[in-house]
Structures are given as structure tokens and as C-alpha cells.
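> Fold the following, please.
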Amino acid sequence: MAKIIKKAHTEKSVELRREFRRKGDPNSGFSFAVSDRVPILAIPEAEVNYNWCLQHPEEVDDLGIVEKVTFGKVSTLAMCECGEEIWLTGRYYNTTQCPNCGRWHCSTSGQELNPPDEWTEMRR
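Next up is the predicted model:
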């Protein structure tokens, strides 16, 4: 059985963005990542769009810097019997295979399982 190092949990992420919304259409607009409250304009098109927003206040509402909050699941971190740290992501029928030794583990408990080719269909 793999030893659980850190149980699965939800993490909150907060990203700051400079946002503009088209007047009359709240579902349309522009959003730019920021660092130290300055927009990150990584590609030329972003700079063109950002400058357009600044030059056309009659077309867009400047919402300023806004917080975008998201939540995401972080899988369980475990130590396989072989000593490898593994993320129990459960992508294959709620199981995870250790990339070092090939053991299969239940992604909720870390319990070692037989390989999938040894599984049999449950009969009722």
C-alpha cells in the first residue's frame, strides 16, 4: 500500500487581470493578465487590442484590475512501496500506476491493486 503524503484537496487560485467589456454586451470584451498591476502583453496582437481599448472608451467599459478566482482539485500525493512519489490521479478506473515499478494503486486510498489485465468482471 502506498503511504499517503498529502490527501487530495481543493486549492484556490487568484489571478489579477485588466478587463474591458464592450458596451451593451456584457459577454464580450478583452482581458489581459497583469503583473505588478501592469498588463502582460506577450504577443503583438495583445498590445494592439489593449491600446485599442484605451483609445476607444466609447466602445468599452474599463473595469480596471479585477480578481479572477478559480478552484481546482489537487490529487493525492503518495509514496509507492518502491520509494517513488506518485500523484494518485485516478485517470484509469480510479487507479494510478507507479511509473517506477509498475504497481497499481487505488487513487482514493493508495491500496495496491492487481494490474488491470488481471481484473475480472464482477458478477451479481
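> What number of residues are in the vicinity of Gly110?
For Gly110, the neighbour count with other C-beta atoms under 10 Å is 22. Every residue, glycine included, has its C-beta placed from N, CA and C.
> a helix runs through it, doesn't it?
No: if the criterion is DSSP: H, G, I helix; E, B strand; the rest coil, then Gly110 is coil and not within a helix.
> quick one: contacts for the closest residue to Phe30 other than its chain neighbours?
Using C-beta to C-beta, 6 or more residues apart in numbering and skipping residues adjacent in sequence, the residue nearest Phe30 is Phe20, 4.6 Å away. Residues in contact with Phe20, defined by C-beta atoms under 8 Å, 6 or more residues apart in numbering, are Gly29, Phe30, Ser31, Cys53, Val60, Asp61, Asp62, Leu63.
> Just confirm Phe20 is within a helix.
No: using three-state DSSP, the assignment for Phe20 is strand, not a helix.
> Can you give me the pLDDT of it?
Note for Phe20: predicted pLDDT of 97.
> Counting neighbours, which bits of stretch 9-16 end up buried?
Residues of stretch 9-16 classed as buried: none (neighbour count, 16 or more other C-beta atoms under 10 Å).
> my bad, should have said stretch 71-87
Ser75, Thr76, Leu77, Ala78, Cys80, Ile86.
> What distance separates the opening and closing residues of it?
End-to-end distance for stretch 71-87, by C-alpha to C-alpha, to the nearest Å: 18 Å.
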